[in-house]
Structure formats: structure tokens, C-alpha cells
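[1] Predicted model, plus sequence, below.
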Amino acid sequence: MKIARLSDLADAATCPRLVVKVGSSLLVGKQGVRRQWIEALVAEIAAARARGQQVIVVSSGAIALGAARLGLDKGGRGSLADAQAAAAVGQIALSGLWAELLGAHGLTAAQLLLTLEDLEDRRRYLNATATLTRLLDAGAVPVINENDSVATQEIRFGDNDRLAARVAQAARADAVLLLSDVDGLFDRNPAEPGARLLPEVRGVTPEIHAMATGGSSSGMGSGGMTSKLQAAEIAELAGIALAIASGLHDAPIARATAEGIGTLFLPRRKAGARKAWLGGRLRLKGALVVDAGAANALGRGSSLLAAGITAVEGQFQRGDAVTIRDGAGKVLAHGLSEYDADECARLQGTQSADQAALLGYAPRSAVVHRDQMVLL
């Protein structure tokens, strides 16, 4: 059974495994932790478990909570050092709160702190998959956050929307529900007269991206509608539905699923597990720019040959993930390079018959083989 509407997210048969992401502004208000609201949300999670669903929570709020306890301004985001210190304090309090409230319903909480590298590196990604699977099989509720106490700007997601989508890929979830401070995606700024909530989106197109704004309206979180659309793209690669709904109301899961208030992004395709992981990567080592002929060939399912490459960017080794894009800058695919960057530069624009002399050994069948590539 495939998810077709928001109500399906509350159906154990259609959505046996659900990831729920909770934004900072929902967990922490000006007066501190919004305990009553969190208790109501935990009751909804317990109800989902009772009807046979497995639930993973991706919880923001550690930096905001820690900043309040340490008395840091700007919500703890004034500097990297402030954010890391706030996260170190806030994470203890946050995980303790989830454990306490889930425990009141007889549920066991399990904390996982992840960095970008944990889900970008293939081996560590598979380790995360194994851990999540075992926890869910054992009946626990994984509570996940980015490890902001050690993550730096270069090795962090920066928002929990995309983290939730990557966790959903790793956990082989059926859907992601992003609880935020907005009802969903509107066709223009919701503050503008006549703005219309889009109940359903099939594929995140450039037109859909144009409707988004980048910032977090609360000022507490690090995400915004742009990060949510990027999360929807990541989820789509794995055939996972993603919904955006408001958490500003009591019982937000029921409001979204029973009343159908929110935006549901339905995947148009489903890549294999390895290709979904590759397509969802957020940090790539370099780029290969291709001509129009190569771009057309890729669209037909061909491998990338050296003859179609017009430029090589970045420093990467054989086996590293790279972006493949056209001359206008449009990203066409992600793939694993069969050569390092210097070799790619020597080979660009050449035919197979000339490559052995350039390399000093027999060339491989392609620069990026179609089996190691996912079209975007």
C-alpha cells in the first residue's frame, strides 16, 4: 500500500514506520520548555505505537534549551562556541525530558546524536541503519538530534529537516512528518493576501522552490521552507512521503492526519537503497561539468564518458562522490568517480582510444558508471 493522503500517516498498514521531526520553537518557548505541549505530543506518539506504528523522533531544541539555561543571547547562535556549549548543556536536559515523558507511557527512549559524516560515509550510514533497526525491533523510540556540541560548519546538516529525511532513508521509513511553525507550503508568502496552502505536491520542481523562503520565522531554529523542500527531495529518492504540518496546535499529529491540514509531498520514483543514499548526500568532493550531448545521454540512462566532460572542479579521489552538472549549472546527477580529479582533468574531452596513453594504463569503461550514479 502506498501513502496517498495525510490520513495515511496515521495508518499502521500504510505507514508502519514514521519519522516525526519537532522544531525548536515548538519545544522551547520564551518561558522555557513547553512541557504541556510536549506531553500531548508524546501521548500522540504512544497512540501511534499502540496502533502498531514504529516511531522515530528527530528532536530539535538542544541549543535553544541550553542557551536559556546558560543565559546566552541570540538563542545560543551568536557564535559556533556558544552553539556548541549550549548544545552540550541542552542535550542532557532534552534527552532526559523525552525519556521521562515516553517512560510515563511505558515506552523506552533511545538517544542517537549524529553528525553529517555519520550519514555521508557509507559504512557509518549502514551502521546507523543497523542501530535504528535493532532499536525499533526491540520496541524503543529513537530520539535523534544532530551532535551540535562537536559539529562544525563544515561537517553539519545545519537543520533537522534534512537530518530527518536522511534518518528516514537510513531507517527505511515510510513517511516523514515535519512539525513546524507553519501549516505547510503556500503558493506565496503566507503573510500575503490570497496565499493558498498546497495540500499535495508531486515532485519538487524549480517552481515549487520559488515559493519557499529561507529563514525560520521563529528565529529559534536553523531551518526554513527551503530546507524542508530539500528534505522532501531527499525523501523522494527513497520513495518516502514527506509532510509539513503546524505544531502550534494541541495534538498536531491528529490535526494533520485527521483534518488533513498540511502539505504532503508524494514521491514520483524510488531509487535503490544505495542510489538513494548517494542522491541524498549533502557534501560532495567535486564536480564534473558536461556538455549537452553528455547531459542527454545521462537522461537516457547512459554512463558518463570522458568525451562529454568539459570541466573538472575540486579535489577528489577515485570512489568519491561528485556532482554532475551541465554548463548552465543545473545539477543532473550524483555519482562515484572512477578516477581522481587530476586524471579526470587529463581525460576530459577525450575518446577511449586515446586514454591509455594519457593514463599509462588501460582506461575504465566510464568516468562515472551508471550503476554508481543517480539522476536528480
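    In hand now; what should we look at? Numbering: from 1, shown residues only.

[2] so how far is Leu114 from the residue most central in space within the chain?
    Nearest to the geometric centre of the chain sits Arg162, at 2.4 Å (Cα atoms, centre = their mean). Per Cβ to Cβ, to the nearest Å, Arg162 is found 12 Å from Leu114. From N, CA and C alone the C-beta is placed, and that goes for glycine too.

[3] residues in contact with the closest residue in space to Arg283 that isn't next to it in sequence?
    Nearest residue to Arg283, sequence neighbours excluded (Cβ to Cβ, 6 or more residues apart in numbering): Glu120, at 5.8 Å. Contact analysis of Glu120 by Cβ atoms under 8 Å, 6 or more residues apart in numbering lists 281-283.

[4] Filter those down to the buried ones and hand me the PyMOL line.
    Buried residues among those (16 or more other Cβ atoms under 10 Å), as a PyMOL selection:
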select buried, resi 281
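
[5] which regions of the stretch 151-300 of the chain sit below the pLDDT cut-off?
    Under the criterion pLDDT under 70, the flagged ranges of the stretch 151-300 of the chain are 151-156, 158, 213-223.

[6] how does it look with 90?
    Applying pLDDT under 90 to the stretch 151-300 of the chain flags the ranges 151-160, 181-182, 187-195, 203-226, 237, 250, 267-283.

[7] hey, where'd the strands end up in it?
    Secondary structure of the stretch 151-300 of the chain (DSSP state E, counting those that start in this stretch): strands located at 175-180, 200-202, 241-246, 263-266, 286-290.

[8] out of the ones you listed, deepest packed?
    Highest mean neighbour count of the strands of the stretch 151-300 of the chain: strand 175-180, a mean of 28 (counted as mean count of other Cβ atoms under 10 Å).

[9] Settle this for me: Ala232 is touching Ala165, isn't it.
    Yes. Counting by Cβ atoms under 8 Å, Ala165 is a contact partner of Ala232 at 7.3 Å.

[10] May I see the strands of the stretch 151-300 of the chain organised as CSV, with distance to Lys21 added?
    Formatted as CSV, these follow (distance: least, Cβ to Cβ, whole Å):
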stretch, distance to Lys21
strand 175-180, 5
strand 200-202, 18
strand 241-246, 10
strand 263-266, 14
strand 286-290, 30
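
[11] Confirm that Val19 lies within a helix, as I assumed.
    No. When classified by DSSP: H, G, I helix; E, B strand; the rest coil, Val19 is found to be strand rather than part of a helix.

[12] ok, Ala345 to Ser337 distance?
    As judged by Cβ to Cβ, Ala345 and Ser337 stand 12 Å apart.

[13] Between those two, tell me which one has more neighbours.
    More crowded of Ala345 and Ser337, by other Cβ atoms under 10 Å: Ser337, with 26 against 13.

[14] mind checking how far Asp291 is from Arg300?
    Asp291 is 15 Å from Arg300, where distance means Cβ to Cβ.

[15] I should have written Val290 there, sorry.
    13 Å.

[16] now swap in Tyr339 and tell me
    Counting by Cβ to Cβ, the separation of Tyr339 from Arg300 is 23 Å.

[17] which of those two has more neighbours?
    Each of Tyr339 and Arg300 has its neighbours counted (other Cβ under 10 Å); Tyr339 has more, 23 against 7.

[18] show me the contacts for the nearest residue to Gly299 once chain neighbours are set aside.
    Counting by Cβ to Cβ, 6+ apart, Leu375 is the residue found nearest to Gly299 once chain neighbours are left out, at 7.1 Å. The neighbourhood of Leu375, defined by Cβ under 8 Å, 6+ apart, consists of 298-299, 332-333.

[19] of the residues you listed, closest to Thr205?
    The shortest gap between Thr205 and any of the contacts of Leu375 belongs to Leu332, at 15.2 Å (Cβ to Cβ).
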